[in-house]
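Asker: Requesting a structural model of the entry that follows:
(chains A and B)
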Amino acid sequence: ERTLPVVDLAARLFSLSSAARQAPADLSATGQPGHALARSAEDHEDGGASHHGGGYKIVQWEWSYVQTPYIIAIWLLVASVAKILFHFSQRFTTVVPESCVLILLGLVLGAVVLIANKKQLYQLDPGLFFLFLLPTIVGDAGYFMPSRLFFDNLGAILMYAVVGTLWNAFCTGFCLYGVKLAGVIDDKVQAGLMEFLLFGALISAVDPVAVLAVFEEVHVNEMLFIIVFGESLLNDAVTVVLYKVYISFVEVGPGNVQTADYFKGVASFLVVSIGGTMVGLIFAVILAFITRFTKKVRIIEPLFIFLLVYLAYLTAELFSLSAILSMTFCGIGCNKYVEANISQKSRTTVKYTMKTLASIAETIIFIFLGISAVDKSKWAWDTGLIACTLIFIFVFRAMGVVGQTWILNKFRLVPLEKIDQVVMSYGGLRGAVAFALVVLLDGEQVKAKDYFVATTIVVVFFTVMFQGLTIKPLVKWLKVPRSTNRKPTINEEIHERAFDHILAAIEDIAGLNGYHHWRDKWEQFDKNYLSKLLLRKSVYHKSELWEAYQKINIRDAISVIDQGGNILTSARLSLPSMASRTSFPEVTNVTNYLRENGSGVCLDLQVIDTNPGAKVEEETETHHVLAGNLYKPRRRYQSHYSRHFMTVGDQERQEREVFQRNMRNRLESFKSTHYKRHKKDRSQKKRKGSDAKEQDANDKPRRNVSWQDKDPIIVPLESEENKGERSEPDKDEDVGITFVARKGSETPKERPKSVPAALEVCQSPSVAPPSPTCGEKNLPWKGGIGTLPPCVSVEATKIIPIDLQQAWNQSISSLESLASPPVPQEPQHPRVSALYRLSGPPRPPPPPPPVPGQFQFPGGKEEEEESALSQQQQEMQPLMPSLRPPPPPPSGAVPPGRRRNPCVYLRSLVTTPPSGSEPHSRGPTQL
Amino acid sequence: MGSRASSLLREEDIEEIKKETGFSHSQITRLYSRFHSLDKGENGALSREDFQRIPELAINPLGDRIINAFFPEGEDQVNFRGFMRTLAHFRPVEDNEKNKDPSAGEPLNSRNNKLLFAFRLYDLDRDDKISRDELLQVLRMMVGVNISDEQLGSIADRTIQEADTNGDMCISFSEFIKVLEKVDVEQKMSIRFLH
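Answerer: The predicted structure is shown next:
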């Protein structure tokens, strides 16, 4: 047969599907050795059984029964443990990319297996790779693709993906052939022009897995990342077509290729790429449409997403279209609608599952790449071929990038700078796709297959390990703009939206049908038709701006919680969102918090699913987002294309984390013994507390700084208690503050009450380490809604062993001094003062600064306690947003509360401290 | 004034516009033909009606505000010079302009001018402050009817509170700059004019 089959089902699909059938049966899939092992085990088993005459055996060895899943599970376990071990050393991880270590680990494991068995059992099997490992990674990448960024740079991405890949493939192929003719490559490498072009095609494509693995850790700016990564995804169509075309050419022999075949090749490219995209988009629409109706079956929402995205991949593979394109566009297309339709929990589930799968798939791919390299029987070494290939792919990549960028920059609004081009050239990593493709080659047809395999392995290792290792220093050295993991503030949301409208209008006025014009058109279309079709009614009517606003509120609320604030206060109001942005708390904090509370938030999906009737209507849900959905959405806002967002910042952080947990546990047990009492005293106590606070506030300038911040925390709480319910988050923001303003004037009345209460309290045993008094005082703060972190702190005093307190204080104060540059004494935070003004009743003049001993209570102790309490709250403030000026380092005159209440310091340990202070947190843990 | 910029664009005019706006010769002639085609009255100046005839602007939520931005205060005609001056705000900042000596004065497409343009859209009464009401008006334009006044109000409050540093419950221009300082305004407020 001389003509090229346009859609070459046979070549790729058959090999894939047959391999796939094997794959589950034997992960190693190199076949014989694995099977032999299994069989021998079986034989042995049979023999044993017959020997005993078939009598009943209490325990049986059922290896053959569980073998396949067992091996798979063991491999997954090994991969996961490898990850854990790797992340033990933070210093190591910052220098060495994970993928390098995994490959090295694979090499070691491969060597072990080889020595043990004399034969290599395991190899990265193409079927397994293309059908299971790759889709998980691509699915994750596509679904969480930052679509705006992607489409903003689509022109560049397409250019690099299509033109760049073609350029690389042809140049590498031809030049290798030329070098072969020149005699640099050994004669044993039996390959003609077609074989070299084939090899050039498979080796030239930038690999999504490798790019993702390496770039994720480098944190270059988003634009650069999306261009390289987008290229690596979209070049799939080119690679697939070139690969198939050349394979068929090799099959028929180069002399028999007709001109028509070239045109068929071009047609094939169009069909494969456009077809793949269409398949993906069709599945995206189906998926989005389905999720419109899953309201009653929330629990399987994630399943639909996984299934349909995967089906998009398989369907494209079925028609031998570009599966990666299909899956990518399915993910990009459906994301907006699906995320809006499904429940918060489903979102979290989808995100976590996808990240987990992708992460483990990536790990396995790199380990298996390492293992595959050990198998000597599979490859043959030729230095000339390897050296030339390495040089050519690097040189042509660089040339291609520079040339294309030169053209692109004529059309781009933001030109790609020289350093961008360097990073793009250097970031052209090759990876597992190339390896799988080269392994798929038919050794009968391509005589030089073994040489190609060896070369591919070396190229992959070189790019992933050498370039992966050096790209970070390179990026640093070149001062490539890094990505900022910053979430937009509400101002940015609003104004950038306005910018978009402005630009669209200006383009219309100037008569240009530019990018903004078309995007505007698309948004109109989306709003009028697509969203109507694909979004639930309730969702459709929500405003994007409102959503954005809520997101930001939720984010702030979460950060408040994580920082130890009170959920139910309107503290987020006083927290400028930019502040919360700078510190991005870890997931574990919230989880711990939830665990401690054991109430409020239901962590069990099933519970909600079983009584959906109890669920609030979707419309009202909107208004209760803060109250009901507080913890979940944060994951949604993590950087979208990072799979490793849970990795800890550095070692100190880890240490502190352990420390925190222990402390919390202690507190927990302590609290439980004191929880029930003294609820009645609450309000008085609180009032007293805030009184004292206000006075305290004027005590010293440094307190003034933090004074305003604490109020939002305290006051709304009270209002809540009065109401006996949670405050409506969206509406009560201002109310909370109004309370504050009145607070001062109310004080005189309340005073008498609070005094006896205080007295009462004070007279109790008072001094002894864990005194119930303190417990009482704190309890009120808890309100009805579970533990409020602030209350933890006072008790903490008692928990920290006396002898440790000194050291603790020292370390913390040094920490604080480091974290906070000397702050200009600002009498009052303007924002808050503005709020006061807004809230109407003028603030009463601040009470005179309290002199120590101003409260003439018999218990003397008590006020100290009180002031300590208030102080503690003030002191907690620095922890919350890092934006506001933290208190200056405590000087020689340490206020009494400071010394007495290490709880504050505990607090600061428990919560995420400002990043600048981290190095010093080592102090306490070393205790 | 309007009659001067008649249907024929003179070389001197082009030169002057070039100097003032930084547009290239071909861009100016291209935009002039656009200007001319918008100018249904054929009097060398555009009126509000001329702008309103552009169909896309009718569905642009901020369309009217943007049209207003083309007209100097108190006037209802804009000549080609003024038209180009407004458009020049959206010219991308080019490399060679970045290092230009500051003595030449701030070009129209500087970051500040881009921001000022956006700021003016909000600031209806031109008191160099975005008040809550002004912000609410723009927000109302940008969101659908499905969002309640209350919700919008809380967004506005939050927005102002976030930006407001001097406590006057308004966003002044300097606060506006401050709050957008992390945004790549040069990129996000630029369009590509064909060469």
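
Asker: So which residues of the stretch 1-150 of chain A form helices?
Answerer: Listed in chain order, the helices of the stretch 1-150 of chain A (DSSP state H, counting those that start in this stretch) span residues A:9, A:15-25, A:32-51, A:63-86, A:90-95, A:98-117, A:126-128, A:134-143, A:147-152.

Asker: least reliable of the ones you listed going by mean pLDDT?
Answerer: Here the helices of the stretch 1-150 of chain A differ in mean pLDDT, and the lowest is helix A:9 at a mean of 36.

Asker: Phi first, then psi, for the residue in chain B that chain A sits nearest to.
Answerer: Per Cβ to the nearest Cβ, residue B:167 is where chain B lies closest to chain A, at 3.5 Å. Just so you know, the C-beta spots here come from the backbone N, C-alpha and C atoms, and that holds for glycine as well. Per-residue torsions, residue B:167: phi 80, psi 20 (degrees, to the nearest 10).

Asker: quick one: it from residue A:64, how far?
Answerer: According to Cβ to Cβ, to the nearest Å, residue B:167 and residue A:64 sit 77 Å apart.

Asker: With residue A:480 instead?
Answerer: Between residue A:480 and residue A:64 the computed distance is 54 Å (Cβ to Cβ).

Asker: So for these two, which sits in the more crowded spot?
Answerer: Between residue A:480 and residue A:64, counted using other Cβ atoms under 10 Å in any protein chain shown, residue A:480 has the larger neighbour count: 20 against 14.

Asker: who's in contact with the more buried one?
Answerer: Contacts of residue A:480 were listed using Cβ atoms under 8 Å, 6 or more residues apart in numbering or on different chains, and they are A:220-221, A:224, A:419-420, A:423.

Asker: got a pLDDT number for the residue sitting furthest away from the middle of chain B?
Answerer: Farthest-out residue of chain B from its mean C-alpha position, per Cα atoms, centre = their mean: residue B:150, at 29.6 Å. pLDDT for residue B:150: 82.

Asker: Flag every buried residue along the helix or strand where it lies.
Answerer: Take DSSP states H and E as the rule and residue B:150 turns out to sit in helix B:149-163. Using 16 or more other Cβ atoms under 10 Å in any protein chain shown as the test for burial, helix B:149-163 gives B:151-163.

Asker: what about that helix, distance to the chain center?
Answerer: Distance, stretch centre to chain centre, for helix B:149-163: 24 Å (Cα atoms, centre = their mean, to the nearest Å).

Asker: what packs against that helix?
Answerer: When contacts are defined as 3 or more Cβ pairs under 8 Å, 6 or more residues apart in numbering or on different chains; DSSP states H and E, helix B:149-163 packs onto helix A:490-509, helix A:544-562, helix A:733-763, helix A:830-839, helix B:132-142, strand B:171-172, helix B:173-179.

Asker: So residue B:162 sits against residue A:493, correct?
Answerer: No - using Cβ atoms under 8 Å, residue B:162 makes no contact with residue A:493, being 10.5 Å away.

Asker: For the residue nearest the centre of chain B, what is the enclosing helix or strand?
Answerer: Central residue check for chain B by Cα atoms, centre = their mean: the C-alpha nearest the mean position is that of residue B:117, 4.3 Å away. Taking DSSP H and E as the definition, one finds residue B:117 inside helix B:111-122.

Asker: distance between that helix and the chain's centre?
Answerer: 7 Å.

Asker: State whether residue B:168 is indeed within a strand.
Answerer: No - applying DSSP: H, G, I helix; E, B strand; the rest coil, one finds residue B:168 to be coil, outside a strand.

Asker: and it, how far is that from residue B:174?
Answerer: Residue B:168 is 12 Å from residue B:174, by Cβ to Cβ.
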